[in-house]
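Peer 1: What follows is a predicted structure for the sequence shown.
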Amino acid sequence: MVPVHFRHATKYVVIEETRRYAMYSHEKSSFVSLTCFGFRCAGYTRGMADPSTDEHARLAARVGDAARSTGRSVATAESLTGGQIACTLGAAPGSSEWYFGSIVAYVSAVKHRLLRVPDVPVISEISARTMAVTTAELLGADVVVAVTGAAGPGRQEGHNPGTVWLGIVAGDAIHTEYRDFEGTTDEIIAQTVTRALELIVLFVEAFHDLS
């Protein structure tokens, strides 16, 4: 296994062929799992060929432009995307000025315990809404997008792969959106990242009208 070093990080090592990594926390002396397809964290783009990478980078740059022009901050809460939205935003130029961070709640228990999702299916409108609201409170960001859904290959909570809920908080405004994406697991994840970034751009640019 070969260490891969990233900005703001400790150490990442490849632990399996599906591009899942382990992050070693020196403070806690333990490993925390992280998924980031294509090595996009902190500006790295290696490994999996992904035609959506350039589009994601363009959208992230637009988020940065909008955040700087409005003076607003951004954060994310992720489930099925496993940190890819965070990776993309963190790699954008000047992201340290406006990107506050992300909470990657990959398993249901973390959504319930940390993000205060009530005892409801995690692939639901209320789950996406609660994830966004709680993350805004915890991280203190002006605009927060949250994503939860089934990426496949199998069904989850009775939902077919591609079932995705997005929630976004912008000041006092709260928006939720349902999507039914098609394709492979990687394609569903890529489409979710794209839509999340599009929503962030939209709501950061319109922040003053919504608050």
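Peer 2: Received the coordinates, thanks.
Peer 1: Now for His175: which residues touch it?
Peer 2: By Cβ atoms under 8 Å, 6 or more residues apart in numbering, the residues touching His175 are Gly167, Ile168, Leu199, Phe203. From N, CA and C alone the C-beta is placed, and that goes for glycine too.
Peer 1: Kindly recompute the last result at 6 Å.
Peer 2: His175 is in contact with Ile168, counting by Cβ atoms under 6 Å, 6 or more residues apart in numbering.
Peer 1: and it, helix, strand or coil?
Peer 2: Recorded secondary structure, His175: strand (DSSP: H, G, I helix; E, B strand; the rest coil).
Peer 1: need the longest helix for this structure.
Peer 2: Looking across the chain with DSSP state H, the single longest helix is helix 185-205.
Peer 1: pull the CA atoms of it into PDB?
Peer 2: C-alpha atoms of helix 185-205 as PDB (Å, rounded to 0.1, in the frame of the first residue of the first chain):
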ATOM      1  CA  THR A 185     -23.400   3.300  -9.300                       C
ATOM      2  CA  ASP A 186     -20.600   5.600 -10.300                       C
ATOM      3  CA  GLU A 187     -22.900   7.400 -12.800                       C
ATOM      4  CA  ILE A 188     -25.600   7.900 -10.100                       C
ATOM      5  CA  ILE A 189     -23.000   9.300  -7.700                       C
ATOM      6  CA  ALA A 190     -21.600  11.600 -10.400                       C
ATOM      7  CA  GLN A 191     -25.100  12.900 -11.200                       C
ATOM      8  CA  THR A 192     -25.800  13.500  -7.500                       C
ATOM      9  CA  VAL A 193     -22.600  15.500  -7.200                       C
ATOM     10  CA  THR A 194     -23.500  17.600 -10.300                       C
ATOM     11  CA  ARG A 195     -26.900  18.400  -9.000                       C
ATOM     12  CA  ALA A 196     -25.700  19.300  -5.500                       C
ATOM     13  CA  LEU A 197     -23.100  21.700  -7.000                       C
ATOM     14  CA  GLU A 198     -25.800  23.200  -9.200                       C
ATOM     15  CA  LEU A 199     -28.000  23.800  -6.300                       C
ATOM     16  CA  ILE A 200     -25.200  25.400  -4.300                       C
ATOM     17  CA  VAL A 201     -24.500  27.800  -7.100                       C
ATOM     18  CA  LEU A 202     -28.200  28.700  -7.400                       C
ATOM     19  CA  PHE A 203     -28.700  29.300  -3.700                       C
ATOM     20  CA  VAL A 204     -25.500  31.200  -3.000                       C
ATOM     21  CA  GLU A 205     -26.200  33.500  -6.000                       C
END
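Peer 1: Output the lowest mean pLDDT helix or strand found in this structure.
Peer 2: None of the helices or strands of the chain scores lower by mean pLDDT, DSSP states H and E than strand 11-14, at a mean of 31.
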